[in-house]
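# The amino acid sequence is not available; the structure is as follows:
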Ligand SMILES: [Zn+2]
């Protein structure tokens with residue numbers, strides 16, 4: 001029995017176990033108009049990529065706990081000291097110093113508004129969201145950047161107040177663990193696994 005690749009970091013080193021690649025035989029590719037002459041084969045490949053989150057790991061860890069983390073430049077010598085970044089920026093774009101991680105869950109719950117939005121009837125490959133997807137740009141009081149996410153319930157409107165919801169029941173440790181709903185949405189209306 002093979003096992004999907006598992007990774008741990010121990011004493012500063014990656015420790016891996018299980019299968020990180022999986023070889024299987026493909027299928028012939030045949031010419032339908034030429035007496036099914038052989039033209040080639042398919043090569044199925046499945047691999048497990050080890051994707052390090054580095055300094056952003058704390059952002060994804062906290063989504064699974066219902067918290068939205070941002071960063072802030074606290075460098076006294078920086079012209080833009082005090083700027084808060086959401087999405088999470090590890091380094092300040094102005095002084096390149098390392099930012100301080102802050103919890104902005106309360107700011108998001110109280111001040112998030114739709115800055116603009118777009119509704120997409122079609123998606124790209126590997127989309128996991130229900131269509132149409134209501135992509136929203138979200139602004140927050142005191143935050144100098146705008147967050148790109150999606151509205152899970154209802155119809156977006158310019159300036160609409162929204163609140164974050166989090167996949168705490170069965171987290172994926174990806175950005176899919178967070179979505180937004182109009183302020184006033186009831187807990188029992190939320191998608192499966194999500195809560196405030
Ligand atoms: Zn700075």
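Cool, the structure landed. Note that the structure is predicted; figures quoted are calculated from it, not measured.
# centre of the chain versus stretch 106-113, how much separation?
19 Å (CA atoms, centre = their mean, to the nearest Å).
# Show me which positions of it end up buried.
Buried positions in stretch 106-113, judged by neighbour count with 16 or more other CB atoms under 10 Å: 107, 108, 112, 113. In short, each C-beta sits where N, CA and C put it, glycine included.
# Now the most centrally placed residue in the chain, what are its backbone angles?
In the chain, the centroid-proximal residue (CA atoms, centre = their mean) is residue 175; its distance is 1.6 Å. Backbone torsions of residue 175, given as degrees, to the nearest 10, read phi -60, psi -20.
# Quick one: residues contacting it.
60, 63, 149 (CB atoms under 8 Å, 6 or more residues apart in numbering).
# and it, how far is that from residue 31?
The gap separating residue 175 from residue 31 is 44 Å, by CB to CB, to the nearest Å.
# same check, this time on residue 157
54 Å.
# for residue 170, same thing?
The gap separating residue 170 from residue 31 is 46 Å, by CB to CB.
# Which strand or helix spans residue 58?
helix 57-63 (DSSP states H and E).
# Next one: residue 88, what pLDDT does it get?
Listed pLDDT for residue 88 reads 88.
# Please tell me how far residue 76 sits from residue 182.
Residue 76 is 40 Å from residue 182, by CB to CB.
# more crowded one of these two?
residue 182 (18 against 8; other CB atoms under 10 Å).
# isn't that one right next to residue 153, touching?
Yes: look at residue 182 against residue 153 with CB atoms under 8 Å: they come within range, at 6.9 Å.
# Against which helices or strands is the worst-scoring helix or strand of the chain on mean pLDDT packed?
Lowest mean confidence among the helices and strands of the chain (mean pLDDT, DSSP states H and E): strand 21-23, at a mean of 80. Counting contacts by 3 or more CB pairs under 8 Å, 6 or more residues apart in numbering; DSSP states H and E, strand 21-23 is packed against strand 45-47.
# now for the strand it packs on, which elements pack on it?
strand 21-23.
# Give the partner strands of the helix or strand following the strand it packs on in its sheet and their orientations.
Moving toward the C-terminus from strand 21-23, the first helix or strand encountered (DSSP H and E) is strand 28-31. Sheet pairing of strand 28-31 (DSSP bridges) gives strand 37-41 (antiparallel).
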